[in-house]
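# pasting the structure only:
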């Protein structure tokens, strides 16, 4: 049997493709592809659509108002699993970037001697006040980086501190106003906090998980099934754009395009800092010869392991089957061939995270169960630490 | 649930809310979008609906919500704060208030998707004050139906899970103590009664202990 997505590439079913994005540094490939005409090479016109919230991105993908969108990796997986309500089968066409996020803490914490996670943990033990940390979407990447980093330092993110969602454009104001003690979000919101002197970046996301997957190009499975050639053309155009963005010789052009089109009202220096590999939040990668963009199954499965860990998934999922359903490996391969991008040798990759744990996708259930800090509540956490015995 | 049952439930729920609705309806307005709220606010005032909280990009939306305890939350579909409401939905508060979304967009599919995602009603364009009361009442009723449907589903799932655990513990007892099925079940039940615990809890303890002994 020939699967539909291994058919040869044909003419795009749609010529105008509406692609959603949020005003963030890592929406850059969408902006560049449309502005520099990489889309025209593959017979499509990308219409970038700026959105106000991830919830709006989700709704518009599901209803077909958007064809595809920049999305948090975990948003696509969350909708596919129906976490928080709406369920719809989803697709990841490619990874748009690795790294480029971070955790910024309030300047006040620095004044109290906090320089790193270990010192933050000591402060939280010492001071009984309520600490509040913000992320950007309940099932999203920033929630998972924040939880992972806090837990790696022995802080239970759902029991010992308060975590909340704050839209990225409001993060810096919330930090300044003292409503939150820190946040995990994407650039440019770390460079902005640093430039305004209200906080300091305690860790880059790349230090939590070197070369972690971040935003993806997402669509519904239904849209991809109905528009496979368009999906391939769109992926190829964004691969070309990603290659352009990662080339340092194009930096000034890319910064100018971001400033003009992405809805980020900041100076070139701040935008530059958010993009550059040496920026405060560290190491944004958009291409790296295609190593960034391949939708590794192990990347998708990692989010499932964390949903299990934090009680968002009550039952053990079929990790590999879910990742295979969502991540469109065959379509990606066609797009990579069109754009002349190398393919990796395996659909799994291996990483060592900040707590020393190794993740290679081989034993997801074992990995999900291996964490000592886990569970949705303090009671569950303590329950997991002292198994019930016959009394 | 069949449409007929849904209709009947809606009717019953509306009757139930009638008594409460004699009091003034209270709403919370989340207003950090494009300012569609101004016209709506006038209509609310004219309809005698009380706005107990109005937040613009409030960072403690969940806290304000918990403190104000409005009957309904009204939010602009283009508000960035929608992601904060998501957090409230995903991370727990199952008894959350009905959410009514207002928008200039009258795309039917969008409305359908929002309703599936847990939005209780969708207000398109301007609303006459005469219609507001009825609209909010339907939203509340719809939300109650959805809550009870979810509670029933969770209950059914829990019962199924409990049964599995009990079956497994029974099997362990039969194997370890050489009992027949009926006696094993009886012993389980006696133990639960003596300890004043649920049958499934006692069963889980036995399974945990057996696993511990085997390792």
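Thanks, I have it. Quick caveat, the model's predicted, so the values are computed rather than measured. Numbering: from 1, shown residues only, chains lettered A, B, ... in the order given.

# domains of chain B?
If you go by automatic domain parsing, the domain ranges for chain B are B:3-153, B:157-214.

# and the particular helix or strand that has residue A:175 in it, what does it pack onto?
Assigned by DSSP states H and E, residue A:175 belongs to helix A:168-176. Packing contacts for helix A:168-176, counted by 3 or more C-beta pairs under 8 Å, 6 or more residues apart in numbering or on different chains; DSSP states H and E, involve strand A:101-106, strand A:182-186, helix A:189-196. For every residue, glycine as well, the C-beta is placed using N, CA and C.

# tell me which of the ones you listed sits nearest to chain B.
Taking C-beta to the nearest C-beta, strand A:182-186 is the member of the helices and strands packed on helix A:168-176 nearest to chain B, at 10.6 Å.

# next, the angle strand A:101-106 makes with that closest one.
Following axes from the mean of the first three to the mean of the last three C-alpha atoms, to 10 degrees, one obtains 150 degrees for the angle between strand A:182-186 and strand A:101-106.

# could I get the full set of helices for the stretch 151-300 of chain A?
Ranges of helices in the stretch 151-300 of chain A, per DSSP state H, counting those that start in this stretch, are A:168-176, A:189-196, A:205-208, A:221-226, A:228-246, A:251-261, A:268-275, A:297-309.

# wait, is residue A:91 part of a strand?
Yes - under DSSP: H, G, I helix; E, B strand; the rest coil, residue A:91 sits within a strand.

# up against chain B, what does the stretch 1-150 of chain A have?
Proximity of the stretch 1-150 of chain A to chain B (C-beta under 8 Å from any C-beta of the partner chain) is limited to residues A:52-56, A:58-60, A:62-65, A:78, A:83-86, A:134, A:136-139.

# can you flag which of those belong to helices?
In this view, the residues of the stretch 1-150 of chain A next to chain B that belong to helices under DSSP state H are A:54, A:55, A:56, A:58, A:59, A:60, A:62, A:63, A:78.

# dump the helices and strands packed on helix A:168-176 to TSV, plus mean neighbour count.
Below are those laid out as TSV (neighbours: other C-beta atoms under 10 Å in any protein chain shown):
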stretch	mean neighbour count
strand A:101-106	27
strand A:182-186	28
helix A:189-196	23
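
# quick one: which of these is nearest residue B:157?
Judged by C-beta to C-beta, the one of the helices and strands packed on helix A:168-176 that comes nearest to residue B:157 is strand A:182-186, at 32.2 Å.

# touching chain B at all, that closest one?
No - counting by C-beta under 8 Å from any C-beta, chain B has no neighbours in strand A:182-186; the shortest distance is 10.6 Å.

# starting from that strand, tell me which strands it pairs with and how they run.
strand A:101-106 (antiparallel), strand A:132-135 (parallel) (DSSP bridges).

# let me have those in TSV, adding distance to residue A:206 and mean pLDDT as columns.
Output for these, formatted as TSV (distance: least, C-beta to C-beta, whole Å; pLDDT from 0 to 100):
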stretch	distance to residue A:206	mean pLDDT
strand A:101-106	8	96
strand A:132-135	17	94
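
# the ones you listed: which one's closest to residue A:337?
Proximity to residue A:337 (C-beta to C-beta) singles out strand A:101-106 among the strands paired with strand A:182-186, at 30.4 Å.

# any buried residues in the following helix or strand past that closest one, and which?
Next along the chain after strand A:101-106, taking DSSP H and E as the criterion, comes helix A:107-111. By 16 or more other C-beta atoms under 10 Å in any protein chain shown, the buried positions in helix A:107-111 come out as residue A:109.

# could you name the helices and strands sitting against the helix or strand that helix A:107-111 is followed by?
Sequence order places helix A:117-126 as the next helix or strand after helix A:107-111, per DSSP H and E. In terms of contacts (3+ C-beta pairs under 8 Å, 6+ apart), helix A:117-126 is packed against helix A:141-152, strand A:199-204.
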